[in-house]
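**Q** sequence and predicted structure below; questions after.
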Amino acid sequence: MTVTCPELVRLDGIEKHFGAVRALGGVDLALASGECLGLVGHNGAGKSTLMHILAGTAAADRGHLAIGGVKPVGYSPDLAKELGVRCVFQELSLCPNLTVAENARVFHPSLTGFAWRRKAGRLILDKLDAIFPGHGIAASDLVEDLPIGRRQMVEVARAFTVTDQPVRLVILDEPTSSLDAHTSGQLLGFMRRVIAEGVSCIFISHVLGEVLANCDRIVVMRDGRTVADAPATAFDRDSLVGAMGDVEAHMRDAAASHGQARGRSPLRVRARLKRQNRAQDPVVQELVAHEGEVIGLAGLAGHGQTELLLTVFAAATGTVSGVEVMASVALVAGDRQSDGVFPLWSIAENIGVRSLSRLRRGLLISPAREHALAMEWRDRIGIRTPDVHNNILSLSGGNQQKVLFARALGSDARIVLMDDPMRGVDVGTKLEVYALIRAEADNGRTFLWYTTETDELKQCDHVYVFRNDAIVADLTRDELTEQKVIQSSFAEAG
Ligand SMILES: Nc1ncnc2c1ncn2[C@@H]1O[C@H](COP(=O)(O)OP(=O)(O)OP(=O)(O)O)[C@@H](O)[C@H]1O
């Protein structure tokens, strides 16, 4: 039975320019109450910009916006909130030096009185419990001490908390990008429950399976315009990829078909892990990576994968007991906001910073060499910018992530450590980067790749599954299945 719900949002002819860049070229979009709309498109297609306009954090150059049939005058983030519009942006907005409860209070100024801290703590914890049971976050945790996945969970939960203002629309801009498969599933299940209660959601993700399985309708954006708008059931993965443009939908299988015998080439990394003593798991004693291998690190987020990468990174420049690293190392940070991007620098400077010795002419960095390196990588992985000397923050989130790739792959490092590096990278670029990683591995580079996406583990020659800071499974490419990874990630002791 089809139920016609009242229209909640209407955007008409929205245009937005950033200098010479046309981010939005006249976008129309409508959304009903209780509808879940999937919004997809390549990096830089204009999705986040459109959502900023809907959330009142950016103003359109042209066009109209109506919410609940009313065209608001002087639209602003405060007015959006009053009208029931909430947004979880890619670049998380929590105050790092405040606790989880204090961040909830910042969002809800109506929580006053001397018990405000307790009330705010209860409010956010109840919502975290509802969305992410077993989340392990305390109201008194300082946000800057939380890993990126947990920060994302707090940000999502906060968007759904209610005090004196209603929640009618929640915009989720890549909310699962830092969450492992289990936690993403919890969020998507919750999203379906609130949709059933009449709340609307706009869900942006580059994981097309999530969009196809959870949204009622899908809008595809390309180069600042909408190019497709249909019920989710009208699409499959290939037709979505086709609508997004310039991608070969079947490249994935070609990239995955490569296999390699272990251990014939020289050793690059050997890391002995401390034995787990909390549980009687079958613990794998050491991780090894050889020249030319792509090694996957799997398991639920926060179970020691990032720490292992950071330990290998430290061991490359100093002495760390139990860890041997036999070649130079570069790291692609996963938390680009705090660890990856130099926000005051240009795109070219951000790419070149890991290759300074090669870019030097005499005592100084040669601008020409820096420019050439940046142009080479702009073209190789399609960084969408009119000028590599623009500030890095002028790029969309996914394009900033590509810069971090370019920095590592453009360097002379023989070992590349990747901390869930594909966050926010669109499906076309992902396939290109997979092929690039494979080509670089064939040239003798070694990759240690922590990923929260099971599909990406299929790109690896060998996968170690982590749980509670220990390796609990050691899988060859042929043994790897999603089920085995999930089983090992959750298996109880005994
Ligand atoms: N503050 C800014 N200054 C200059 N250009 C910007 C700014 N914000 C966005 N842009 C440009 O606008 C275009 C659209 O970017 P937007 O972030 O909306 O893309 P997106 O579809 O959300 O991409 P992604 O999937 O990578 O997040 C891009 O070309 C981007 O470089």
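**A** Nice, thanks for sending it over.
**Q** which residues of the stretch 301-450 of the chain lie near the ligand?
**A** Applying Cβ under 6 Å from any ligand atom, we find that the stretch 301-450 of the chain lies next to the ligand at Arg384, Ser394, Leu395, Ser396, Gly397, Gly398, Asn399, Gly424, Asp426. Heads up, the C-betas are built off the backbone N, CA and C, glycines and all.
**Q** and Arg358, helix, strand or coil?
**A** The assignment at Arg358 comes out as helix when based on DSSP: H, G, I helix; E, B strand; the rest coil.
**Q** in the chain, what residue lies closest to the ligand?
**A** Nearest residue of the chain to the ligand: Gly398, at 2.7 Å (Cβ to the nearest ligand atom).
**Q** report the contact partners of Lys484.
**A** Lys484 makes contacts with Val465, Ala473, Leu475, as judged by Cβ atoms under 8 Å, 6 or more residues apart in numbering.
**Q** again, 7 Å this time
**A** Ala473, Leu475 (Cβ atoms under 7 Å, 6 or more residues apart in numbering).
**Q** so what's it scoring on pLDDT?
**A** The model reports Lys484 with a pLDDT of 75.
**Q** one more: Arg275?
**A** At Arg275, the pLDDT value in this model is 55.
**Q** equivalent analysis for Ser33, please.
**A** On pLDDT, Ser33 comes in at 93.
**Q** give the contact list for it.
**A** Residues in contact with Ser33 (Cβ under 7 Å, 6+ apart) are Cys5, Pro6, Leu8, Gly198, Ser200.
**Q** again, but for Phe89
**A** Contact analysis of Phe89 by Cβ under 7 Å, 6+ apart lists Asp173.
**Q** what of Thr161?
**A** Thr161 makes contacts with Ala104, His108, Leu123, Ile124, Lys127, as judged by Cβ under 7 Å, 6+ apart.
**Q** go on, Lys16?
**A** Counting by Cβ under 7 Å, 6+ apart, Lys16 touches Ala23, Leu24, Thr49, Ile53, Ala58, Ala60, Asp61.
**Q** weed out the non-buried ones from those residues.
**A** Buried subset of these (neighbour count, 16 or more other Cβ atoms under 10 Å): Ala23, Leu24, Thr49, Ile53, Ala58, Ala60.
**Q** okay if I get these as JSON lines plus pLDDT and distance to the ligand?
**A** Output for the buried ones among the contacts of Lys16, formatted as JSON lines (pLDDT from 0 to 100; distance: Cβ to the nearest ligand atom, whole Å):
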{"residue": "Ala23", "pLDDT": "90", "distance to the ligand": "3"}
{"residue": "Leu24", "pLDDT": "95", "distance to the ligand": "8"}
{"residue": "Thr49", "pLDDT": "94", "distance to the ligand": "3"}
{"residue": "Ile53", "pLDDT": "95", "distance to the ligand": "10"}
{"residue": "Ala58", "pLDDT": "92", "distance to the ligand": "8"}
{"residue": "Ala60", "pLDDT": "94", "distance to the ligand": "13"}
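**Q** now, which of the residues you listed lie within helices?
**A** Of the buried ones among the contacts of Lys16, the ones assigned to helices by DSSP state H are Thr49, Ile53.
**Q** in stretch 79-87, what counts as buried?
**A** Ala80, Lys81, Leu83, Gly84, Val85, Arg86, Cys87.
**Q** related to what we said a few turns ago, need the max-distance pair from the residues of the stretch 301-450 of the chain next to the ligand.
**A** For these, the farthest-apart pair by Cβ to Cβ is Ser394 and Asp426; their separation is 17.8 Å.
**Q** more neighbours: those two, which one.
**A** Neighbours per residue, other Cβ atoms under 10 Å: of Ser394 and Asp426, the larger number sits with Asp426, 28 against 16.
**Q** my guess is that one contacts Leu208, does it?
**A** No - in this structure, Asp426 is not within contact of Leu208 by Cβ atoms under 7 Å, at 9.9 Å.
**Q** now the two most distant members of the contacts of Thr161.
**A** His108 and Lys127 (11.6 Å).
**Q** low-confidence stretches in the stretch 101-250 of the chain?
**A** Flagging of the stretch 101-250 of the chain using pLDDT under 70 yields the residue ranges 246-250.
**Q** okay, how far is it across stretch 332-341, tip to tip?
**A** Using Cα to Cα, to the nearest Å, the end-to-end distance of stretch 332-341 comes to 10 Å.
**Q** tabulate the contacts of Thr161 (a markdown table), appending neighbour count.
**A** Below are these laid out as a markdown table (neighbours: other Cβ atoms under 10 Å):
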| residue | neighbour count |
| --- | --- |
| Ala104 | 28 |
| His108 | 19 |
| Leu123 | 22 |
| Ile124 | 26 |
| Lys127 | 21 |
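**Q** with secondary structure and distance to Gly136 added, can I get the residues you listed in CSV?
**A** CSV is the format used below for these (DSSP: H, G, I helix; E, B strand; the rest coil; distance: Cβ to Cβ, whole Å):
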residue, secondary structure, distance to Gly136
Ala104, helix, 17
His108, coil, 23
Leu123, helix, 18
Ile124, helix, 14
Lys127, helix, 15
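**Q** what is the burial count for the nearest residue to Arg222 once chain neighbours are set aside?
**A** Once flanking residues are discounted, Arg222 sits nearest to Gly245: 5.2 Å by Cβ to Cβ, 6 or more residues apart in numbering. By the measure other Cβ under 10 Å, the count of residues near Gly245 is 14.
**Q** what does Arg445 give?
**A** 22.
**Q** mind checking pLDDT for Ile295?
**A** For Ile295, pLDDT reads 93.
**Q** which SS class is it?
**A** On the basis of three-state DSSP, Ile295 is classed as strand.
**Q** just to be sure, Leu431 is in a strand?
**A** No - Leu431 is assigned helix when assessed by three-state DSSP, not a strand.
**Q** let me know the distance separating it from Gly382.
**A** According to Cβ to Cβ, to the nearest Å, Leu431 and Gly382 sit 11 Å apart.
**Q** comparing the two, which residue is more hemmed in?
**A** Leu431 (21 against 17).
**Q** hang on, the earlier thing: let's see which of the buried residues of stretch 79-87 end up in helices.
**A** Short answer: the buried residues of stretch 79-87 in helices (DSSP H) are Ala80, Lys81.
**Q** the buried residues of stretch 79-87 in strands, which ones?
**A** Val85, Arg86, Cys87 (DSSP state E).
**Q** what subset of the residues you listed is also close to the ligand?
**A** Okay, of those, nothing touches the ligand (Cβ under 6 Å from any ligand atom).
**Q** of those, just say which sits nearest to Gln186.
**A** Arg86 (18.6 Å).
**Q** which residues touch that closest one?
**A** Ala159, Val167, Leu169, Val170.
**Q** go through those and give me the one with the most neighbours.
**A** Taking other Cβ under 10 Å as the neighbour criterion, Leu169 ranks highest of the contacts of Arg86 with 25 neighbours.
**Q** contacting residues for that residue?
**A** For Leu169, the contacting residues are Leu8, Val9, Gly84, Val85, Arg86, Ser200, by Cβ under 7 Å, 6+ apart.
**Q** contact partners for Gly352?
**A** Leu359, Glu370, Leu373, Ala374.
**Q** for the record, mean pLDDT for the helix or strand where the second one lies?
**A** Assigned by DSSP states H and E, Glu370 belongs to helix 367-380. Over the span of helix 367-380, the pLDDT mean works out to 90.
**Q** if anything else comes up later, I'll come back, but that's it for now.
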